[in-house]
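Engineer: No letters, just coordinates:
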């Protein structure tokens, strides 16, 4: 699952409209919009073409570039609770919800918290 927000930012950074990127990729503007909103998923071939056209790393577009690091005096340490990993994995199975949360995490988490009270 790609991170729509990152796709949109990368597209804008390269100066492409959705229509221009769609033409380069061989898909419609509607498809690009769907990728950015998380309601559509590109084929593997289109995904690979996207990273080439936008000159970005596949891991960046997939959201696999973040590393939790805490600095101590001796070394860098990475730690994440097993429960957090389970939550993230389950959340990624819901692409619309995941992409919505990525657009404005603080606000959307607050809205979600109000809904379940």
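Structural biologist: In hand now; what should we look at? Note that this is a predicted model, so its numbers are computed, not measured. Residues are numbered from 1 along each chain as shown.
Engineer: Share the number of residues neighbouring the closest residue in space to residue 37 that isn't next to it in sequence, please.
Structural biologist: Once flanking residues are discounted, residue 37 sits nearest to residue 4: 5.7 Å by C-beta to C-beta, 6 or more residues apart in numbering. Using the backbone N, CA and C atoms, a C-beta is placed for each residue, glycine as well. Using other C-beta atoms under 10 Å, residue 4 has 25 neighbouring residues.
Engineer: I figured residue 4 was touching residue 40, is that so?
Structural biologist: No: if you go by C-beta atoms under 8 Å, residue 4 and residue 40 don't touch, sitting 9.4 Å apart.
Engineer: Quick one: neighbours of residue 13, just the number.
Structural biologist: When neighbours are defined as other C-beta under 10 Å, residue 13 has 11 of them.
Engineer: for residue 21, same thing?
Structural biologist: Neighbours of residue 21 using other C-beta under 10 Å come to 24.
Engineer: Now tell me which helix or strand of the chain has the poorest mean pLDDT.
Structural biologist: The weakest-scoring helix or strand in the chain, judged by mean pLDDT, DSSP states H and E, is strand 70-71 (a mean of 55).
Engineer: Could you pull up the contacting residues of the residue nearest to residue 37?
Structural biologist: 35, 36, 37, 38, 99, 102 (C-beta atoms under 8 Å, 6 or more residues apart in numbering).
Engineer: And it, how close does it get to residue 93?
Structural biologist: Computed with C-beta to C-beta, to the nearest Å, the distance linking residue 4 and residue 93 is 16 Å.
Engineer: what does residue 117 give?
Structural biologist: When residue 117 is compared with residue 93 (using C-beta to C-beta), they lie 24 Å apart.
Engineer: Comparing these two, which shows the higher neighbour count?
Structural biologist: residue 93 (9 against 4).
Engineer: Can you list the residue ranges for strands in the protein?
Structural biologist: For the chain, the strands defined by DSSP state E occupy 70-71, 76-77.
Engineer: By neighbours, which of the contacts of residue 4 wins?
Structural biologist: Per-residue neighbour counts (other C-beta under 10 Å) across these peak at residue 35, which has 28 neighbours.
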